[in-house]
Each structure stands twice: as C-alpha cells, then as structure tokens.
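**Q** Build me a model from this:
(one chain, ligands or ions: 2)
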Amino acid sequence: GQVFRLEDYRPSDYLIPRTELDFRLGEDSTRVVARLTIERRAGIDKPVQLELDGDGLTMRRIEIDGEAVDAADFDATPDRLVIYNPPASGRFTLLIETELAPSRNEALMGLYRSSNVYCTQCEAEGFRRITYFLDRPDILSVYTVRMEAQRTEAPLLLSNGNPVEHGDLEDGWHYAVWHDPFPKPSYLFALVAGDLGCIKDRFVTASGKQVELGIYVEHGKENQAGYAMDALRRSMTWDEEVFGCEYDLDVFNIVAVSDFNMGAMENKGLNIFNDKYVLADEETATDIDFANIEAIIAHEYFHNWTGNRITCRDWFQLCLKEGLTVFRDHEFSADQRSRPVKRIAEVRTLRAHQFPEDQGPLAHPVRPRRYREINNFYTPTVYEKGSEVVRMIRTILGAETFRRGMDLYLERHDGDAATIEDFLQVFEDVSGRDLSQFALWYHQAGTPNLSVTTRHNAATAEFTIEVEQSVPPTPSESRKRLMHIPLAFGLVGSDGKDMAYGGAEGATVEYGVIHVRKRKHVVTFSGVTERPVLSLNRGFSAPITLSIEQRPEDQIFLASHDSDAFSRWQAFNTLLTDAIIAAFRNFLGGKQPKFGAELTGLAGRIAVDDTLEHAFRALALALPGEADIAREIGKNIDPDAIFAGREALARSIAEANAGVFSQLYDELLMSGPFSPDAASAGRRALRNTLLDYLAILPDGAKRASAHFASATNMTDRAAALAVLAHRHAGSAEAKAALAEFDKRYRGDPLVMDKWFMIQATAPGAGAVDAVRALTEHPAFSIANPNRVRSLIGGFASANQTGFHRADGAGYTFFTETVLTVEKRNPQVAARLATALRSWRSLEPKRQAKARDALLAIQAKEGLSADLRDIIERTLA
Ligand code: DPP
Ligand code: ZN
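**A** Ligands and ions are numbered 1, 2, ... in the order given. Okay, the predicted model is just below:
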C-alpha cells in the first residue's frame, strides 16, 4: 500500500468553502446530491486539475455550474474523481450525485445502518464513502444538510449545527434541514435518521446562551441515559470554569448506537456514541462503566474546542486534538472524583497499553512521520502518551503559565487547522522558554529509561543523585537524541515529611522537579543531615521507566509514608511486582516460592488504613496483572509460570490476612439506595477486591456465590461472577451463576458483553475451547464490534495463559477469527490483531507458534490495508 509522509504535506490547490448535501435515505439505496462551492487557492493562478477522494463510490451524475460535464473532461472510479479542466476562473459549483447502500455497509465507516437507524462515521476517512470530496482535515467548509426519509422509518432527522426547517413531503416522506455555521473538516460531518427515544435538558452558558441538550437512545432505554446527561452538564460547566471554553451552537445532541467501531465521535453538535458509553443504571452497569461514561462524554464534548474549533492540519497531527483532549478529560475526572486515585488508574492504563506498544514492533512517535493506514494510528501512544506530554508541559511551566498558553492557543488558532509546532509555540511565547528539546516527546518513539543511584555523605551533609538517561531503539529509529525529562521528587525524612535542603547543583531543580536534559546528571543537594529516602517520579511526572536500586525497607517506608499518594501506591506496587517475579523464577527453578511477612503484613495494614480512601486501598491491593509482570521481566516469557507466581502471592496475602480481610469485607457492605459516586464506588471496589482474596480460602466458592446472590447492583454481581468463573471454574457455584446471569440478561447485549468477557478471561488451557463455543451463543454476533471486543478481544489481550497456550491452539483460533471479522470490518480486525504485538518477548516455543500465526495471516490473498499494515509491522 501507499505510504503517506509528513514531509510530503502541501496545501490543497482547491478549497471548498461551502458544502450542501441532500440525502434521500433508503436502506438499500440512498441518493446523495453534493453541491460543492469550489475555489482555487489564492496564489495558484493557473488552472490545475481537481482530484477528489472517493472510496467505493458509485457516481450517478456530475455537473459544473449547472451543466453536465463531458465524459472526456472527467474520470470517475470508485476511489477517485478527476476533473481535468475545471473552469479557468477557479471558482465554480460542482454537483455530484452518488448512490449508496447503507444496509450493506458492514465496515461501519461512512453511512451505515445500526439497529434500523441510519448513522455515519467519518473520522478519519469515511466521508469519501459518501461523496467525492477533498477528504482531508485542512479543508474547512460550511455545511448545509437536507435529509429526506419516510416518516415512519425515520421520524428523527439530525445533522450538525442548528436545525433550520422541517416539513412533510408526499407519500409519507418528510425532510429536515440543518445548518452548521462553523467551518469544519469533512471528518466531523454526521447524520442520524431513525426512530429513537430521547431525553432533553437545557444548559445556559456562562454568557447566557441557551443550549438545548438531547440524548437519543433506543426506545425503552431513556431511563438509562440520565447519568450521561448529568455528565454532559458537568462537562460543560467544567470547561467554562477551567479552560474558559463555552459552547457555541443552539443545540447539542448525542446519539447512542449499538454498532460502532470506536468509543464515540465528536461530530460538531452531534456526537455519536457507542451505546456502551451512554447507557447505564445500577442494574446493568458497573462503577467502571459509570466512570467511563463520564470520561467519554466529557472527552467528546471537550473536542468542541480542542479538535473542532481548532482542528488538525493533517492526520500526522492527530495527537494535537487527541492527546490534549485526553489530558482535559483526565483533569475533569480528577476534579469530579479523587485526583490521586484517577492518576493511579491513568498510569496503570498507560503502562498496560502504551508501554507495550512503545516497547514493541508497533512503536511510533506521538506525532508519527509516516503511515499506510491512518485508522491504525488511533493508538495508546497518540492518545495516552499524547496526554502525558501535555501534562509535562504543565509541569514544566506551572499551572498558571500553562493556562495562559492554552488561552493563547484557543485565541490564536480558533478556526485553524493547526500543527504541533503551533501548539508548542504558544507555550514558548507565554513562558519565554525554549521547548525545542522537549519537543522530542512528540517526535521520538520509545519509553525513556532513567537509571538512578544515590549516596548520602553524613560528614558533608550532602545527598547525591546520579541520573543517566537512555532511550531504547525503536523501529526505524536506532539512534535516539537526549530528552528533557521533568522528574518530580522528594527527599523523605524519617518522620515521613519531605526534608528541606540547602541548594542543588548539577541540574536545574525547581518546584520539586529535577530537569534531566543531559545523558548524565550528578545532582548534589546540600544541607541534608540525615539519609533521606528518595521518592522519584512523583505523580508519574514523566512517562518513563526507572531503574533504581532501592532497599526493600525503603520501599516499605515509602509505601507507608510518602506524602505523594501516587508514589505510595507505586512503592507498594513495586514490592508486589518484585515478589511475583521472584516467585516466577522459583517456579521455573522447580522451587516453591516464599513471601516475606513484611509484605503480606503491609497488605493487611493498607487494607484497614482509614486515612486512605477505599478506592486507593483497592488499587493498592489489586496485584499487578500478568501482562504487567511479563513487561517487567521483558523476555523469555512463560505465562504459566507468571500466573503461578502471581497466584502464590495472592494466596499468601489472603492466608496472612484472612481475619482482617473477612471482617473488613463485612463492614464494607452498604445498605440504602445505590449511588454511582466515587466514594461509594471506592467502597464497592475495596469490598470486591477483598472478595477476590477471600475466595482463595476454604469455602471461597460459597462466599462468592452468596455475594453473587445478594448483589443489588451490576458492580457486585459481575465481580462475584468473575471470582467464581476465574477462581472456581467448573464448580457447581460457578456454573449456576453463569447460567443465571445468562438467563437474566440474555436480552441485554451490553450486559452480555460482561458475561462473554468474564468467560473469555478465565485463566488456563480450557479457555480456547470455551471461547470457541461461545461464538455460537445466540447473544454473540461476529458483526458487532462490542461483542467481538468482549469475547475475542478479551481472550486475546486479557487472558495470558489461555491465549498463549503452549500448544499454539489460542493463536490458531485467534487467526481464524480475525480473518472472519476482517471480511466485514477491517478496522476492528486490525485492532484485534495488535494483541500479538509482544510476541517476541515470549519463550522460544510460543514465539515460534505466534510467528506462524502471524505468517498465516500475512499469506492470505486480498488482505485489507488495515490488517496488512498491522501484521507486516508486527513481523518486521
Ligand atoms: N475522535 C474520536 C475520539 O477520540 C475517535 N475517533 O474522540
Ligand atoms: Zn478524541
């Protein structure tokens, strides 16, 4: 396939200042008439041919300024329309009529049908599946959209912007017209037509503008949309207060659809959501679902400024809108919930998804320089690491200067299709700082490592930290440049408080941050009379790995006393990780592992420490995942030995704390009405974490079964089901609970996703056959992305022992399934296939089997560009 390169960017010869679209909607045949006002770009004085993008289009008519175009003057293929001799004036109206078949669109890009609703998805390049266009984000156009449909089939007709008019037509048809006054790129176009239920609300902006809010869902699900509406209102208020961003249209609509490739889409004034991120009540959604809904509603809403009002010049700049908007939604959730707990959760996600990407064959810079298929760059690196980079800018500049930079960005670039250089420039302008070295965070792939040693000299009262940076090589970047790494730190004294120091030499140290810029710094702090315990990378100030020799007693001290909650969690997590790795090595050497009483005792103390939030304690007690351990070990991975090591530690913690855990478990039971607020969710999280430990002990299945039976909400019910299915697989209790859950929720696909996922992630060799059998379950559908991600995605990315079964059966099943999914939906298939990205870290036998599986996919004829790109980069 073709490779697109950042350095090849050039502005388009033509602009499209106005776009009028007329849809006559039919499920097997939809007619689209596009009237495009086309202008040659200023400065281009000679006529040049006009080339528009298409993707699988059927053209029915073409006119320029009202006249049919001569067959010799254009060439239309499904994927391209060329007009050889556009009018010499350089300004004209181009009319194009295309015919689409929404009911046959299974790729879910462009115009398609989901549960009898017409909907669209245009990011990144779906608009070209609707009409020929300059389908690139720097072509900003003012859209007017007219839709016609049969009133019974589609009483609701929505598009971007504000409603203009609507009315009846003959034969039971009707129409509506929408106009969006804000010029926008084609990827933000959207249309929804169908028969949906809705809840409405109103919002008055800071300057007094009235906005009508609507959330549209399947009939009968209106009462599951209230939380999303509440989250939307809170997002609107927060963005005004924290970033000064006000909403700008008369209406803001959200539509939930059940077939959606992504989480949600920020189309101007008409967000379209995967229903998983809208619908929630206590009976069907877990606390994690509620938190995700809040975050994604906020994310898409925040795009209105960071993404829509200021968009991207080209797709290489994707992180300009995504990294920044993720940062904004993280801050929102931190303000709405608990800041330290949110931060820990973010870092866990970053490490679980972005680190393996950055450390494997799919590594790419936050701003990539080349791509073959842009759909494959909606990645944890662009989103999550992109957010971390924005966070570091704030750390370096301080919150106030950062806000001034954001104000300048929003003012200077409103209406622009901007670049990362534009973004960095505003922060240089407001701070007077040089961010050119810092900019490497956008340009250079790979997770930097800092290797750290310390020494204390009591005689001179000096404490010295030696820091050495390295960035491991990544594909096509073997030589790395030195980065600017802001490293937040504290010197913790024996009383648990941060020690004051006289001065620091060897690096710039300001506001509790060491600025690492050179290969090596020897930073000496004076006036440090007692040996401090070093707390480093507080709050995860930089997305790096640390190699630091720290005594276990220092880690235990930090886990108990660090004033930075994140570092406290980190210290305990490091202790747990080290213990599991030691156990893993024991198992490989044929020995039984042993765990120190300090560690298991500390687990008990954290559990009952009332100075800590429940949610924090739950996160601390959750053992590092098998994949996290594998990443720490790095190579020659045997997932079965990791599993055994992790289980041994879980058992040891459970046995050492049986009494404490059991008593606390009882105390945490809540009565009264359900509330999804963070404090209640934290309490449930801790209780369910304790259940997971207690289920290892005698009568564990009984206890989990009782928990399942007495649950009054989905959080507790799903947690108990997972404990039964994972710790007591095949037991009478597990079978009964699985059957009951299936019976009760068979008709609710989103709830059944949990049931699929829980079984897909049940550890052990049996998972392959279980998952294969579940593909035949009536609630499963290979055409629905949510079902596929739960069952197949859950198995491949969250079941280390099942997927990486030693005989390769997991890979064989996976390969077949990915190819089946690919026939309908290449985008979802390509995303699934990234589950194999860490194959080179496996032990040799599994590695060979994984490679065979990848080669088998690669050998297929007619592979989609999406899947081929992932497979070839993974194998390279
Ligand atoms: N732009 C969407 C989002 O991240 C994904 N396509 O919000
Ligand atoms: Zn986004």
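**Q** Report the closest residue of the stretch 351-500 of the chain relative to ligand 1.
**A** Proximity of the stretch 351-500 of the chain to ligand 1 (C-beta to the nearest ligand atom) peaks at residue 378, 5.9 Å away. Quick note: C-beta positions are derived from backbone N, CA and C, even for glycine.
**Q** what's the answer for the stretch 51-200 of the chain, then?
**A** Of all residues in the stretch 51-200 of the chain, the one sitting closest to ligand 1 is residue 123 (4.6 Å; C-beta to the nearest ligand atom).
**Q** how about the strands in the stretch 451-600 of the chain?
**A** Applying DSSP state E, counting those that start in this stretch to the stretch 451-600 of the chain gives strands spanning 462-470, 485-492, 504-505, 508-510, 513-516, 520-525, 533-536, 545-548.
**Q** which parts of this structure sit against ligand 2?
**A** 322, 325 (C-beta under 5 Å from the ion).
**Q** mind checking the longest helix of the chain?
**A** helix 565-588 (DSSP state H).
**Q** Could you pull out the buried residues of that helix?
**A** Across helix 565-588, burial judged by 16 or more other C-beta atoms under 10 Å covers 565-577, 579-581, 583-584, 586-587.
**Q** Return only those of these found close to ligand 1.
**A** Under the cut-off given by C-beta under 6 Å from any ligand atom, ligand 1 has nothing from the buried residues of helix 565-588 close to it.
**Q** residue contacts, the residue lying closest to the residue of the stretch 51-200 of the chain closest to ligand 1 once chain neighbours are set aside?
**A** Leaving aside its sequence neighbours, residue 123 sits nearest to residue 187 (C-beta to C-beta, 6 or more residues apart in numbering; 4.2 Å). Listed by C-beta atoms under 8 Å, 6 or more residues apart in numbering, the contact partners of residue 187 are 122, 123, 124, 125, 126, 127, 135, 137.
**Q** Produce a ChimeraX select command limited to the buried residues of those residues.
**A** To isolate the buried members of the contacts of residue 187 in ChimeraX, using 16+ other C-beta under 10 Å:
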select :122,123,124,125,126,127,135,137
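**Q** Format the contacts of residue 187 as JSON lines; extra columns: pLDDT.
**A** As requested, these are exported to JSON lines (pLDDT from 0 to 100):
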{"residue": "122", "pLDDT": "99"}
{"residue": "123", "pLDDT": "99"}
{"residue": "124", "pLDDT": "98"}
{"residue": "125", "pLDDT": "98"}
{"residue": "126", "pLDDT": "98"}
{"residue": "127", "pLDDT": "99"}
{"residue": "135", "pLDDT": "99"}
{"residue": "137", "pLDDT": "98"}
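**Q** from the contacts of residue 187, which two are the most distant?
**A** Maximum pairwise distance in the contacts of residue 187, criterion C-beta to C-beta, is 12.7 Å, between 126 and 137.
**Q** Could you find the closest non-adjacent residue to residue 794?
**A** Using C-beta to C-beta, 6+ apart, the closest residue to residue 794 is residue 760 (3.7 Å).
**Q** Give me the distance between residue 72 and residue 83.
**A** Separation of residue 72 from residue 83 (C-beta to C-beta, to the nearest Å): 11 Å.
**Q** more crowded one of the two?
**A** The residue with more neighbours, out of residue 72 and residue 83, is residue 83; 22 against 8, by other C-beta atoms under 10 Å.
**Q** For the more buried one, give the beta-bridge partners.
**A** residue 50, residue 74 (DSSP bridges).
**Q** Over to residue 533?
**A** On the basis of DSSP bridges, residue 533 is bridged to residue 492.
**Q** please begin residue numbering at 6 from this point
**A** All set: I'll call the first residue 6, so the last point we hit is now residue 538.
**Q** so what's it up against?
**A** Residues in contact with residue 538 (C-beta under 8 Å, 6+ apart) are 496, 497, 559, 562, 563.
**Q** count of neighbours near the second one?
**A** Residues contacting residue 497 under the criterion other C-beta under 10 Å number 22.
**Q** any idea of the pLDDT on it?
**A** Residue 497 is assigned 98 on the pLDDT scale.
**Q** What distance do you get for the residue nearest to residue 105 when sequence neighbours are not counted to residue 66?
**A** Distances taken as C-beta to C-beta, 6+ apart place residue 35 nearest to residue 105, at 4.6 Å, with adjacent residues excluded. Distance of residue 35 to residue 66, given as C-beta to C-beta: 14 Å.
**Q** neighbour count winner among these two?
**A** Neighbour count, other C-beta under 10 Å: between residue 35 and residue 66, residue 35 has more, with 22 against 13.
**Q** contacting residues around that one?
**A** Shown in contact with residue 35 (C-beta under 8 Å, 6+ apart): 28, 29, 104, 105, 106, 107, 116, 123.
**Q** which among these gets closest to residue 351?
**A** Distance to residue 351, by C-beta to C-beta, is smallest for residue 116 among those, at 35.5 Å.
**Q** for the closest one, which residues make a bridge with it?
**A** Beta bridges link residue 116 to residue 125 when assigned by DSSP bridges.
**Q** That one: what's it in contact with?
**A** For residue 116, the contact set (C-beta under 8 Å, 6+ apart) comprises 35, 105, 107, 110, 123, 124, 125, 134, 135, 196.
**Q** For those, give me TSV that also has pLDDT, secondary structure and distance to ligand 1.
**A** Shown next, in TSV, are the contacts of residue 116 (pLDDT from 0 to 100; DSSP: H, G, I helix; E, B strand; the rest coil; distance: C-beta to the nearest ligand atom, whole Å):
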residue	pLDDT	secondary structure	distance to ligand 1
35	99	strand	23
105	98	strand	21
107	98	helix	20
110	98	coil	17
123	99	strand	19
124	98	strand	14
125	99	strand	13
134	99	helix	15
135	99	coil	17
196	98	strand	17
